[in-house]
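Trainee: Below are the sequence and a predicted model for it; my questions follow.
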Amino acid sequence: DTGVSQDPRHKITKRGQNVTFRCDPISEHNRLYWYRQTLGQGPEFLTYFQNEAQLEKSRLLSDRFSAERPKGSFSTLEIQRTEQGDSAMYLCASSPRRNTGELFFGEGSRLTVL
Amino acid sequence: SQQGEEDPQALSIQEGENATMNCSYKTSINNLQWYRQNSGRGLVHLILIRSNEREKHSGRLRVTLDTSKKSSSLLITASRAADTASYFCATDAGTGGFKTIFGAGTRLFVKA
């Protein structure tokens, strides 16, 4: 079991550019979560999927943010027209079909918007 | 919005001492979890306590839950320098769904 994998680990971009992050969950995990974490704060919920269905989406997720999980396996989080306020760590987590409540996190993708 | 509020925000202790962190939450829950995060890394699950449980142990960790006060505490006994990290409580918000909401965390520094 390779754990939750996120790519890229670091991304530096200029304001106004689009960025995309990818998350590969633990195989057989049917739920996948995206969180955003800024320095000194806890993770803030963005959205989660059960299989390919996006079941809940935070109001934090503006129209510039979109997440997909087309085949119920990996997921992508795209941010369009990035702003400096988007600078944060974007964390992905997955959880198994049997609901233990436990989330398994990746190492995160750190975004810096200049 | 964050469901849990941890207290204190930061804690500095000597190796060998015990560390206690508290968490308060706002709504009814089905379970409460504690996670650990080393600087710049992802979160690691430590322990889960269900709403019908009052105390749970795992190695040097002891978690208590008081649903009447909507609060939980995490005790790390005989702390080590390697315990230096941020600790977060997380709840399911009792919504019946699978969303997990985290608090702002307690930053623990254990001096060798």
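Mentor: Everything's here; your move. Residues are numbered from 1 along each chain as shown, chains lettered A, B, ... in the order given.
Trainee: what sits against A:P43?
Mentor: A:35-37, A:91, B:43, B:88, B:102 (CB atoms under 8 Å, 6 or more residues apart in numbering or on different chains). Yep, even glycine has a C-beta here, placed from its N, CA and C like the rest.
Trainee: try A:T38
Mentor: For A:T38, the contacting residues are A:44, A:87-89, by CB under 8 Å, 6+ apart.
Trainee: Strands of chain A, residue ranges please.
Mentor: Under the criterion DSSP state E, chain A contains strands at A:5-7, A:10-13, A:19-24, A:31-37, A:44-50, A:53-57, A:65-68, A:75-79, A:88-95, A:104-105, A:109-113.
Trainee: count of residues packed around the residue nearest to A:E78 when sequence neighbours are not counted?
Mentor: Nearest non-adjacent residue to A:E78, counting by CB to CB, 6 or more residues apart in numbering or on different chains: A:T20, 4.6 Å away. Per other CB atoms under 10 Å in any protein chain shown, the neighbour tally for A:T20 reads 15.
Trainee: So A:T20 is in contact with A:S75, correct?
Mentor: No. With contacts counted by CB atoms under 8 Å, A:T20 stays clear of A:S75, the gap being 10.7 Å.
Trainee: Tell me the bridge partners for A:F49.
Mentor: With DSSP bridges applied, A:F49 shows beta-bridge pairing to A:L32, A:Q54.
Trainee: I figured it was touching A:F74, is that so?
Mentor: No. If you go by CB under 8 Å, A:F49 and A:F74 don't touch, sitting 10.6 Å apart.
Trainee: what's the pLDDT at the residue lying closest to A:S94 once chain neighbours are set aside?
Mentor: Nearest residue to A:S94, sequence neighbours excluded (CB to CB, 6+ apart): A:P25, at 3.3 Å. A:P25 carries a pLDDT score of 96 in this model.
Trainee: my guess is A:P25 meets A:K71, correct?
Mentor: No. Taking contacts as CB under 8 Å, A:P25 lies outside contact range of A:K71: 11.9 Å.
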